[in-house]
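Asker: coords please:
(chains A and B)
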Amino acid sequence: AQSVTQLDSQVPVFEEAPVELRCNYSSSVSVYLFWYVQYPNQGLQLLLKYLSGSTLVESINGFEAEFNKSQTSFHLRKPSVHISDTAEYFCAVSDLGNQGGKLIFGQGTELSVKP
Amino acid sequence: DTEVTQTPKHLVMGMTNKKSLKCEQHMGHRAMYWYKQKAKKPPELMFVYSYEKLSINESVPSRFSPECPNSSLLNLHLHALQPEDSALYLCASSQEGTGDYEQYFGPGTRLTVT
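Answerer: Predicted coordinates:
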């Protein structure tokens, strides 16, 4: 069975500081990895995904995540955060044999950016 | 158009009422999903439809009844709900019902059961 652990439930940070949101997964098969963001009172939006190829993936708004197979991690980073990055961030996995599209979500990390 | 729409945005219903939630997408996606999300928790998968057929039911109580009338539309019929069913109900769609396609989420319907 797959599982996802987001090690920090809350991450407070000052504006323009760097941030890392940690995600570890457990699976006996190869996986696809996703980061979704949820702003207050909204649905989830895909931030970035790793399917195959380069282990470093980037989003259009400055976030990046690196797939580390040996450490079974997919940590999310941003070198300089903005107030508008305040949101809940979910790491999720699905596996290559997944015929139902089922995503396994972590518990979420609340990123709070302060001025 | 990469939008999933959901109506209504808010719904308050009594435990004896019958109501329906509606979800629509016009991206040509062949898989659609219902999730339930409680405050400060991740979404929990309820149902998956693939090519208009129910492919996953995560042991959801029968008071929730999904329906997929066509490839663009997904409904969730609600009957005799309990207060603990109060939550944000999210609909999502993806190009195919396999794990490598990203899911596009709607804004959700916030349901309160009184």
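Asker: So which residues on chain A come close to chain B?
Answerer: Residues of chain A lying close to chain B (C-beta under 8 Å from any C-beta of the partner chain) are A:31-32, A:34, A:36, A:41-46, A:49, A:51, A:90, A:94-103, A:105-108, A:110. (C-beta placed from N, C-alpha, C; glycine too.)
Asker: Among the residues you listed, name the ones in strands.
Answerer: The members of the residues of chain A next to chain B that map onto strands under DSSP state E are A:31-32, A:34, A:36, A:44-46, A:49, A:90, A:94-95, A:105, A:110.
Asker: Present those residues as CSV; the columns should include neighbour count and distance to B:C91.
Answerer: Shown next, in CSV, are those (neighbours: other C-beta atoms under 10 Å in any protein chain shown; distance: C-beta to C-beta, whole Å):
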residue, neighbour count, distance to B:C91
A:V31, 25, 24
A:Y32, 21, 21
A:F34, 26, 18
A:Y36, 26, 15
A:L44, 29, 11
A:Q45, 14, 14
A:L46, 15, 15
A:K49, 19, 20
A:F90, 24, 17
A:S94, 23, 18
A:D95, 16, 23
A:F105, 21, 16
A:E110, 16, 24
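Asker: Minimum pLDDT in the residues you listed, which residue is that?
Answerer: The lowest pLDDT within those belongs to A:D95, with 76.
Asker: residues contacting that one?
Answerer: Residues in contact with A:D95, defined by C-beta atoms under 8 Å, 6 or more residues apart in numbering or on different chains, are A:Q2, A:S27, A:V29, A:S30, A:V31, A:Y32, B:G99.
Asker: are any of these buried, and which?
Answerer: For the contacts of A:D95, a burial check counting by 16 or more other C-beta atoms under 10 Å in any protein chain shown picks out A:Q2, A:S27, A:V31, A:Y32, B:G99.
Asker: The second one contacts A:V93, doesn't it?
Answerer: By that I understand A:S27. Yes. Using C-beta atoms under 8 Å, A:S27 makes contact with A:V93 at a distance of 6.5 Å.
Asker: and for these two, which residues touch both?
Answerer: Taking C-beta under 8 Å, 6+ apart as the contact rule, A:S27 and A:V93 both touch A:Q2.
Asker: tell me the contacts of the spatially closest residue to B:F105 that is not a sequence neighbour?
Answerer: Excluding its sequence neighbours, the residue lying closest to B:F105 (C-beta to C-beta, 6 or more residues apart in numbering or on different chains) is A:G43, at 3.7 Å. A:G43 makes contact with B:V4, B:L90, B:A92, B:F105, B:G106, B:P107, B:G108 under the criterion C-beta under 8 Å, 6+ apart.
Asker: give me that answer again for 10 Å
Answerer: A:36, B:4, B:6, B:35, B:37, B:43, B:88, B:90-92, B:104-108 (C-beta atoms under 10 Å, 6 or more residues apart in numbering or on different chains).
Asker: That one and B:T5, how far apart?
Answerer: Applying C-beta to C-beta, to the nearest Å, the value for A:G43 to B:T5 is 10 Å.
Asker: list residues touching both of the two?
Answerer: With C-beta under 10 Å, 6+ apart as the test, A:G43 and B:T5 both reach B:C91, B:G106, B:P107.
Asker: near chain A too, which of the residues you listed?
Answerer: With the criterion set as C-beta under 10 Å from any C-beta of the partner chain, the members of the shared contacts of A:G43 and B:T5 near chain A are B:C91, B:G106, B:P107.
Asker: partner residues bridging the first one?
Answerer: Using DSSP bridges, the beta-bridge partners of B:C91 come out as B:W34.
Asker: so who does it touch?
Answerer: A:43, B:4-6, B:21-25, B:32-35, B:74-76, B:103-109.
Asker: Nice, that's everything, thank you.
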